[in-house]
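Asker: below: sequence and its predicted model.
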Amino acid sequence: MSKSEVDIQLELLRLGIEVSKFKEKIKNMTPSYTPKISLGDKESLELLDNKIKRVDLFSPNVSDCSVASIDTSSKILRTTFLDLVVVGGTLYSTERDKIVFPFDAGGRYLGIASYLELIRTLKSSLNSPDLAFHNVLGYEFALDEVDVVTKEGVKRESLYHLDDVADELRLEAENVLIRQVKEKLLVLDGPLFPTPIELSYSFQFGIPEEKDKIKHWGRLTHRWAYAALIKERLELIKGKDVVGVVKRLENSKKLKKTKGIANLIGSISVPDLSDAEILELISETQCSSVIGLCLVGPLEIKSEIYVKREDTDQVILEPKDIPTRYAYYAILKIPSGVQSFFRVESTSQTVLDSSIGVIFSNITSDILPTYISVVDNYSKRVAKSLFYISFNVLKDFITILHDSKLEAISISKEISSGLA
C-alpha cells in the first residue's frame, strides 16, 4: 500500500506523542552504539576461465530488453533513549516511472529500537504495520545490555545491534520492490543475496542467560530473521533473469584466495591485497591498452550457510537451498584513463553473459552503470528525506542527539540548495 508524506508525518506524530509519555521516566539511559565491523562473507570462489575477455562499450549496442534496477538506503536517527532507522528505496525502469519505497510501494520503512519494556509498550499502543518494532519473526529490536553465555564465558552485550536492524529493513524493502518487477532483466545494486559469515554453521552467537524470563534470544534472533529474509529473496528471484552488481570492492578480499589469479598478475602467489587492488594489478598487466570493459572470469561462487532456529529447532536455510552463482570481475576503463571495478553475478551463466553489455551500455560521469547510479542516488535521497521528516516531527517530543541534529541541518542545507 502506498503512502504520502502526510501519512508518514501523521504516523511519526503518533509515535512522538506516545514516546513523550516516557521522556521523564527514562533519563540518562542513552543506548550505546558502536558501528558494527563486518566479519566478511562465507563464500568460496573458483576461476572457471583464466582468459581475460574484452568488451567494446563504445560501438553501437542495440537491445530491446526491458530493464529494472533496485537499491535501498538507510539512515540512523539517534535520541536519548530511542533510536530510529529510516529506509528508502527505488525501482528504476526503462518501461515506466520510478517506484519509490515507501511512497509508491509500502512496507516497514521505520525501525524503532530501544529498551525491551518500552518497545513492547509502544508496539502494543501504536500497532502500525509500517513501524518496525521487531524483526520478521516477532523478536523486538531491543537494545538492553544483558549477560550472554558464550563458549568463552559470560559477557555483556545488547540484545540487538542497530546496524542489524538497518541490514534487515533494507533487505525487507528490496524484497518489497522486487515484487513490483515486470521487466525482463532485474539489476540489483549489490549481491543477489547477502552471505555474511554470521550465517555459517560454525559461527556462534551468545545466548542470554535469562532468555526464558525476558522471552528474547538476543542476537541469535537477527541471524534467524536475516536467514528468513534471504530465503524469501531466493524464492522471489528463482527462475528470473537477475544480476547483482557489487561496486565496493575495496574491503573485499575474495580474489586473493582464488586459484588462478596469480597467473593473471604474473606472480607466483597472490599478495595480501583487496579485490580492488588485485584488479588494478590485472588491469596493468592484461588491460593496459583497453578502453572499455575487461572481464575476469567467469568464476563460480558457492556459499556455506546453515541457520537453525534454536527456539523451535526449525532449519531456515541450509547449503542445498543456496544456488551456485556465476560472476565476472569487471574492470571499466574510460578514455580519460580513469577506471572502476565491479563484481557482476547471477545464478545463470547464460543470463550473466547476455546482461553484461546491457548493464554497461550507459555509463554516468561517476563511472557507474546508469542503472546502478540512478537507484543508488535516488534511494539515498529518499532515506535523507525520511530522516529529515522524522527529525522535524520528533524534535518536539524527544531529545535528538547532537550528531543527528548536525546531520539534519546538513540535509536541510542540501534540500535548500536543491542537492537533495
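Answerer: Yes, it's here.

Asker: given whichever strand or helix holds residue 68, what are its sheet partners and their directions?
Answerer: If you go by DSSP states H and E, residue 68 is part of strand 67-78. Strand 67-78 has its sheet partners listed here by DSSP bridges as strand 83-93 (antiparallel), strand 185-189 (parallel).

Asker: and those strands: which comes nearest residue 162?
Answerer: The closest of these to residue 162 is strand 83-93. By Cβ to Cβ, the value is 5.6 Å. In this view, the C-beta of every residue, glycine as well, is placed from N, C-alpha and C.

Asker: OK, contacts around the closest residue to residue 349 other than its chain neighbours?
Answerer: Excluding the flanking residues, the one nearest residue 349 by Cβ to Cβ, 6 or more residues apart in numbering is residue 326, at 4.6 Å. By Cβ atoms under 8 Å, 6 or more residues apart in numbering, residue 326 lies in contact with 48, 297-301, 345-349, 352.

Asker: now residue 326, what's its secondary structure?
Answerer: strand (DSSP: H, G, I helix; E, B strand; the rest coil).

Asker: among the contacts of residue 326, which ones are in strands?
Answerer: Of the contacts of residue 326, the ones assigned to strands by DSSP state E are 297-301, 345-346.

Asker: just the buried residues of those.
Answerer: Among these, those classed as buried by 16 or more other Cβ atoms under 10 Å are 297-299, 301, 345-346.

Asker: columns distance to residue 250 and pLDDT on top of those residues, output as JSON lines?
Answerer: Compiled in JSON lines, these are given as follows (distance: Cβ to Cβ, whole Å; pLDDT from 0 to 100):
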{"residue": "297", "distance to residue 250": "19", "pLDDT": "88"}
{"residue": "298", "distance to residue 250": "23", "pLDDT": "95"}
{"residue": "299", "distance to residue 250": "19", "pLDDT": "95"}
{"residue": "301", "distance to residue 250": "19", "pLDDT": "95"}
{"residue": "345", "distance to residue 250": "18", "pLDDT": "97"}
{"residue": "346", "distance to residue 250": "23", "pLDDT": "98"}
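
Asker: any idea which of those is closest to residue 261?
Answerer: Using Cβ to Cβ, residue 299 is the member of these that sits closest to residue 261, with 9.6 Å.

Asker: so that closest one makes contact with residue 260?
Answerer: No: assessed by Cβ atoms under 8 Å, residue 299 is found out of contact with residue 260, at 9.1 Å.

Asker: isn't residue 205 right up against residue 221?
Answerer: No: counting by Cβ under 8 Å, residue 205 sits too far from residue 221 to count as a contact (9.2 Å).

Asker: now do the strand or helix carrying residue 17 against strand 83-93, angle only.
Answerer: Assigned by DSSP H and E, residue 17 falls within helix 5-20. Angle of helix 5-20 versus strand 83-93, following axes from the mean of the first three to the mean of the last three Cα atoms, to 10 degrees, is 160 degrees.

Asker: helix 5-20 packs against which elements?
Answerer: strand 110-113, helix 116-126, helix 370-394 (3 or more Cβ pairs under 8 Å, 6 or more residues apart in numbering; DSSP states H and E).

Asker: what's in contact with the helix or strand following the second one?
Answerer: The C-terminal neighbour of helix 116-126 among helices and strands, as given by DSSP H and E, is strand 131-132. When contacts are defined by Cβ under 8 Å, 6+ apart, strand 131-132 is touched by residues 11, 15, 85, 108, 110-112, 141, 165, 169.

Asker: how about stretch 175-185?
Answerer: Residues from elsewhere that reach stretch 175-185 (Cβ under 8 Å, 6+ apart): 65-68, 70, 72, 89-91, 93-95, 99, 101, 105-107, 186, 229, 232-233, 236-237, 240-243, 351, 355, 358.

Asker: list the contacts of residue 362.
Answerer: 369-371.

Asker: mind checking pLDDT for it?
Answerer: If you check residue 362, the pLDDT there is 89.

Asker: same check, this time on the one 10 residues further on
Answerer: pLDDT, residue 372: 96.

Asker: I figured residue 372 hits residue 247, correct?
Answerer: Yes: using Cβ under 8 Å, residue 372 makes contact with residue 247 at a distance of 6.5 Å.

Asker: would you mind finding the most buried of the helices and strands packed on helix 5-20?
Answerer: Highest mean neighbour count of these: strand 110-113, a mean of 25 (counted as mean count of other Cβ atoms under 10 Å).

Asker: for the protein, what spans make up the helices?
Answerer: Per DSSP state H, the chain carries helices over the ranges 5-20, 116-126, 162-178, 211-214, 220-237, 261-264, 275-286, 349-359, 370-394, 402-417.

Asker: could you list the low-pLDDT ranges of the chain?
Answerer: Residue ranges of the chain with pLDDT under 70: 1, 24-30, 33, 37-40, 58-63, 418-420.

Asker: more neighbours: which of residue 205 and residue 221?
Answerer: Taking neighbours as other Cβ atoms under 10 Å, residue 205 and residue 221 compare with residue 221 leading, 26 against 16.

Asker: any idea how far residue 42 is from the more buried one?
Answerer: Remark: distance between residue 221 and residue 42 (Cβ to Cβ, to the nearest Å) = 20 Å.

Asker: that'll do, ta.
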